[in-house]
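Trainee: Give me a 3D structure for the following:
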Amino acid sequence: MSVRPLRLFGDPVLRTACDPVVRFDDALARLVTDLLDTVAEPGRAGLAANQIGSELAVFSYNADGELGYLINPRVVELRGSQEGPEGCLSIPGISAIRSRADYAVVSGVDLGQEPIVVTGTGELARCLQHETDHLRGKLYIDDLTGTERRRVMRHLTAPA
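Mentor: Numbering: from 1, shown residues only. Below is the predicted model of the structure:
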């Protein structure tokens with residue numbers, strides 16, 4: 001299919017909770033292919049459907065050597081803690097130190113409506129949490145606090 005253009009910070013679709021997928025049809029298959037093609041670009045770890053303008057609960061990931069997707073994902077387990085830099089394709093040019101669980105388990109289904117469970121640590125765990133948040137209309141910057149939040153907000157509100 002194709003690499004799709006990204007929606008950027010300020011676009012209301014990024015703040016809209018995605019709808020559960022109920023129709024498993026050719027349009028959904030095209031969306032999944034576009035998500036996989038788009039996340040396969042160098043330097044990309046994950047991509048939620050709303051980042052390319054769809055309001056369906058689907059994301060793709062390309063982290064720790066694993067490329068895949070989940071439809072109707074939900075976090076089923078989080079353990080441990082990691083602090084590290086996090087960025088977002090929809091907020092280019094800025095990253096922040098962010099705390100996340102170091103171990104994540106996310107379940108969903110594939111295009112055939114078969115169950116999928118993805119388990120990850122480190123970067124993949126961060127990615128799974130980040131993309132699941134996107135599908136709820138939440139951005140990684142929302143949970144920043146203190147100095148990191150002030151720094152990011154100054155950057156985002158600075159005149160272009």
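
Trainee: need the contact list for the residue nearest the centre of the chain.
Mentor: By Cα atoms, centre = their mean, the chain has its centre lying nearest to Glu131, at 2.1 Å. Shown in contact with Glu131 (Cβ atoms under 8 Å, 6 or more residues apart in numbering): Gly46, Leu47, Ala48, Phe59, Ser60, Tyr61, Pro73. Bear in mind the C-beta positions are built from the backbone N, C-alpha and C, glycine included.

Trainee: Swap in 10 Å and give it another go.
Mentor: Shown in contact with Glu131 (Cβ atoms under 10 Å, 6 or more residues apart in numbering): 39, 45-49, 51, 58-61, 63, 69-70, 73, 106.

Trainee: Tell me where this structure has strands.
Mentor: Secondary structure of the chain (DSSP state E): strands located at 46-48, 58-63, 66-79, 82-88, 91-100, 103-109, 115-121.

Trainee: Can you add mean pLDDT, mean neighbour count and distance to Pro159 and give those strands back as a markdown table?
Mentor: Shown next, in a markdown table, are the strands of the chain (pLDDT from 0 to 100; neighbours: other Cβ atoms under 10 Å; distance: least, Cβ to Cβ, whole Å):
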| stretch | mean pLDDT | mean neighbour count | distance to Pro159 |
| --- | --- | --- | --- |
| strand 46-48 | 98 | 28 | 29 |
| strand 58-63 | 97 | 26 | 33 |
| strand 66-79 | 98 | 16 | 37 |
| strand 82-88 | 96 | 15 | 21 |
| strand 91-100 | 94 | 15 | 15 |
| strand 103-109 | 98 | 19 | 38 |
| strand 115-121 | 97 | 15 | 39 |
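
Trainee: Show me what the spatially closest residue to Ala49 that is not a sequence neighbour is bridged to.
Mentor: Leaving out its chain neighbours, the residue that sits closest to Ala49 by Cβ to Cβ, 6 or more residues apart in numbering is Val58, at 4.5 Å. Here Val58 sits in beta bridges with Ile71, as judged by DSSP bridges.
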